[in-house]
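S.K.: only the shape, not the letters, is given here:
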């Protein structure tokens, strides 16, 4: 069950993912696996950029393999992208190159997460997920992309202070430590219906 399905099961109003690329598990079993390559077109990238609050998404690619893992399936892939944002210091455009490995797994004996378990933790996106009738390759692609969004982008030469953030009584979180969580937080807000409708593009 994807997070979209989990949010739907709890009755929350959700915003659908801007892209879907489902693969039938039955077909995977017959073929013994799958090599894939996703390369969203310009119009699709523009929708994804708005969805994730980016100024632009000049390039996006996701390629890899789905391979058997016990009674389930594992994804071994790579995400490449070129993100457009605005420097928080100078308000000038900032472009970021992304090239990262992506690993996910789906197993039939994994229980769907409860609402409490959907609280943001870095390991949520490495733990096995429940195996259903389909695996939507767009979901790990967008999750991996969201992980790479810098919430405090700074252009070359812009002063980079070591900002820290923390509620009273909690350990401070630096810009660098906060970065992997902010994009996922925005993604989860849209899935749960908590987004206020704002975007960066």
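M.R.: On my side now, so go ahead. Just so it is clear, the model here is predicted, and its values are computed rather than measured.
S.K.: helix or strand next in line after the helix or strand bottoming out on mean pLDDT in the chain, which one?
M.R.: Sorted by mean pLDDT, DSSP states H and E, the helices and strands of the chain end with helix 3-9, the least confident at a mean of 41. Beyond helix 3-9 on the C-terminal side, the first helix or strand identified by DSSP states H and E is strand 22-24.
S.K.: helices or strands up against that next one?
M.R.: strand 134-136 (3 or more CB pairs under 8 Å, 6 or more residues apart in numbering; DSSP states H and E). All C-beta spots, glycine's among them, are computed from the backbone N, C-alpha and C.
S.K.: packing partners for the following helix or strand past the strand it packs on?
M.R.: Under the assignment DSSP H and E, the closest C-terminal helix or strand after strand 134-136 is helix 138-147. For helix 138-147, the packing partners by 3+ CB pairs under 8 Å, 6+ apart come out as helix 42-52, strand 56-69, strand 72-86, strand 93-107, helix 175-192.
S.K.: turn those into CSV, columns for mean pLDDT, mean neighbour count and distance to residue 137.
M.R.: Listed next are the helices and strands packed on helix 138-147 as CSV, based on pLDDT from 0 to 100; neighbours: other CB atoms under 10 Å; distance: least, CB to CB, whole Å:
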stretch, mean pLDDT, mean neighbour count, distance to residue 137
helix 42-52, 95, 17, 14
strand 56-69, 97, 18, 7
strand 72-86, 97, 19, 8
strand 93-107, 95, 15, 9
helix 175-192, 52, 18, 16
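S.K.: how about the ones you listed in a markdown table, adding distance to residue 21?
M.R.: Shown next, in a markdown table, are the helices and strands packed on helix 138-147 (distance: least, CB to CB, whole Å):
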| stretch | distance to residue 21 |
| --- | --- |
| helix 42-52 | 11 |
| strand 56-69 | 9 |
| strand 72-86 | 12 |
| strand 93-107 | 14 |
| helix 175-192 | 17 |
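S.K.: quick one, which of those is nearest to residue 147?
M.R.: With CB to CB as the measure, helix 175-192 is the member of those nearest residue 147 (5.1 Å).
S.K.: tell me how far residue 151 lies from residue 53.
M.R.: Going from residue 151 to residue 53 by CB to CB, to the nearest Å gives 9 Å.
S.K.: tell me which of these two has more neighbours.
M.R.: Between residue 151 and residue 53, residue 53 has the larger neighbour count (other CB atoms under 10 Å), namely 20 against 17.
S.K.: can you report phi and psi for that one?
M.R.: With angles defined as degrees, to the nearest 10, residue 53 sits at phi 80, psi 30.
S.K.: tell me the pLDDT of it.
M.R.: Predicted confidence (pLDDT) for residue 53: 93.
S.K.: who touches stretch 76-95?
M.R.: 36, 49, 54-65, 67, 96-103, 140-141, 144-145, 148-150, 152-155, 158-159, 200-201 (CB atoms under 8 Å, 6 or more residues apart in numbering).
S.K.: surely residue 30 is in a helix?
M.R.: Yes: residue state for residue 30 (DSSP: H, G, I helix; E, B strand; the rest coil) corresponds to a helix.
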